[in-house]
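**Q** Please find the sequence and the predicted model below.
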Amino acid sequence: MDPVVLLRGAVALTGRFPALSGVDLSVAAGEVVSVVGANGAGKTTLLRVCAGLVPVSSGEATVLGVDLRADPPAVRRRVGLLGHAPSLYDELTAAENVRFALRAAGLGADGAAPALARVGITGRLAKTVAGGLSAGQRRRVALSVLVARAPELWLLDEPHAGLDAGARDLLSDLVTEAVRSGASVMFSSHESEIAAAMSDRRVTMSGGRVADVTSGGRRAKLAAVGEGGSHVA
Amino acid sequence: MWRDALLVAGKDLRIELRSRVALWQVLPVAVLSLVLYAFALGPARHTLAAAAPGLFWLAVLFSTVLATQRSFAIESGEGTRDGLRVSGIDPAGVFLGKAAAVAAELAVLQVVLWAAMTLLFGVHVHTAWLAIVASFLATIGLATAGTLYGALSAGLRVRETLLPLLVLPVLAPVLLAASRAWSGALTGPVSSGESWLRILGPFAAVYLVVGIVLYGPLLETA
């Protein structure tokens, strides 16, 4: 089976400086890959490259079988990105934000309420403007867009930041559900232990390159709790 | 494209209705500028009446810059621009939607400004159809050109100061043609006003087409 993400010597510039300087990486279908590294190592740029938001200036880059250098919009339609900052409009309610994202993706808005309920945003919270929600609640709302869109590749930039224990468990559950439905997941993290526990492989970035790749413990934990088990925290 | 345009226009107008930035900032600035022009020109009714079309469209022009800046400020929020790009929405639809929302705001603004001008300057429209057609075409031209240049400056740190510098010279033909067309509508002759529609129409059409074609590449590079 073709890899979902295939980068060979991928170089990406931010301004005139290379944020990625020759990245080689492959992500298989149904795989969860965590990306760790110090600030400025290139984690966010790597995810944004995979989302088709940052152009690859040289090297080979294919996501979901699409050449990123040829047709980035075709990739964007099929991936889901949870950025550092949730893409929400402060003046719209949580429900309106999700409905807008779904309609923009050409989907029906009916999926908004179940997706919000899945992340625990119901009742009054769903009708609260995003600007009035806490950071954790905003992140849940942004996650609900991914739940409703069900993209083939989930790209999560520091998804654990600002989440309490319950929300982290929820995130683990959502990742597990996404993988079960056939999606692949890449996420960045500053927390090396969480990254290892939640992923099949942990990629360490340094200076815009992949410095190390180690096995993660996600499958071992799944096996320990049984395939039907819930949290992989 | 049209479905996306409706979606984006609805979203932008809903945000404006909630935030009321246009109501409490853009509109008062426009009305205030008319009042200040009136002070500057003095109380002579004939002077005010002669200058009224130009002053009206000057106020609309500056309001266009403010409305356009606001339109892109909505997308400069945390991650919203990325969200829009990843959503798979048609860039031409985004352009049309944002331009339509700006045009709707400018249309409301013109009604209020017209009422203020009638009170302050004592002017009346004699040829309503000419004033309406000129307003319609000028509004499309202002909104489309403003949205296009708004996208051009959106990714820059100096966008607040750069946008007026870029867009005001480009919009000068609209200022001139709309003022002359309105002059014809207010005091006549109608034929001289009509002739200026030949500038407003093509201007609006060109920026509408150019915006639809170029907005996607601009979003990619801005």
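**A** Noted; the coordinates are in hand.

**Q** Could you pull up the residues touching residue A:163?
**A** Applying CB atoms under 8 Å, 6 or more residues apart in numbering or on different chains to residue A:163 gives the contacts A:136, A:139, A:171. Every residue, glycine included, has its C-beta placed from N, CA and C.

**Q** pLDDT below threshold where in chain B?
**A** B:77-78, B:155-159, B:222 (pLDDT under 70).

**Q** actually chain A, sorry about that
**A** In chain A the weaker segments, taking pLDDT under 70 as the threshold, are A:1, A:219-233.

**Q** Would you map out the domains in it?
**A** Residue ranges for each domain of chain A read A:1-78+A:151-233, A:82-150, as given by automatic domain parsing.

**Q** Need the winner for burial among those.
**A** For the domains of chain A, average neighbour numbers computed from mean count of other CB atoms under 10 Å in any protein chain shown are highest in domain A:82-150, which has a mean of 20.

**Q** Counting neighbours, what do you get for whatever residue of chain B ends up closest to chain A?
**A** Chain A sits closest to residue B:83 of chain B, with a gap of 2.5 Å, by CB to the nearest CB. Per other CB atoms under 10 Å in any protein chain shown, the neighbour tally for residue B:83 reads 26.

**Q** Can you read off the backbone torsions of residue 90?
**A** Unless you meant another one, I'm taking chain A. When read as degrees, to the nearest 10, the backbone of residue A:90 gives phi -60, psi -30.

**Q** hmm, I had chain B in mind actually
**A** Backbone dihedrals for residue B:90, given as degrees, to the nearest 10, come out at phi -70, psi 120.

**Q** Confirm for me that it is in contact with residue B:4.
**A** Yes: assessed by CB atoms under 8 Å, residue B:90 is found in contact with residue B:4 at 4.6 Å.

**Q** What sits closest to the closest residue to chain B within chain A if chain neighbours are left out?
**A** Per CB to the nearest CB, residue A:87 is where chain A lies closest to chain B, at 2.5 Å. Leaving aside its sequence neighbours, residue A:87 sits nearest to residue B:83 (CB to CB, 6 or more residues apart in numbering or on different chains; 2.5 Å).

**Q** roughly how far apart are the one you found and residue A:130?
**A** Noted for residue B:83: a distance of 12 Å to residue A:130, by CB to CB, to the nearest Å.

**Q** can you pull out the helices in chain B?
**A** With DSSP state H as the criterion, chain B has helices at B:2-19, B:21, B:27-41, B:45-75, B:80-86, B:91-121, B:128-154, B:159-187, B:190-195, B:197-221.

**Q** My error: substitute chain A in the last question.
**A** Assigned by DSSP H, chain A shows helices spanning A:43-50, A:72-76, A:94-104, A:112-118, A:135-149, A:165-180, A:192-198, A:218-225.

**Q** Could you export these as JSON lines, including distance to chain B?
**A** Converted to JSON lines, these look like this (distance: least, CB to the nearest CB, whole Å):
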{"stretch": "helix A:43-50", "distance to chain B": "8"}
{"stretch": "helix A:72-76", "distance to chain B": "5"}
{"stretch": "helix A:94-104", "distance to chain B": "4"}
{"stretch": "helix A:112-118", "distance to chain B": "14"}
{"stretch": "helix A:135-149", "distance to chain B": "8"}
{"stretch": "helix A:165-180", "distance to chain B": "16"}
{"stretch": "helix A:192-198", "distance to chain B": "22"}
{"stretch": "helix A:218-225", "distance to chain B": "25"}
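
**Q** can you list those in TSV and add distance to residue B:118?
**A** What follows is the helices of chain A, written out as TSV (distance: least, CB to CB, whole Å):
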stretch	distance to residue B:118
helix A:43-50	53
helix A:72-76	49
helix A:94-104	38
helix A:112-118	46
helix A:135-149	46
helix A:165-180	57
helix A:192-198	66
helix A:218-225	71
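
**Q** Would you mind measuring from the residue of chain A closest to chain B to residue A:168?
**A** Distance check for residue A:87 against residue A:168: by CB to CB, it reads 21 Å.
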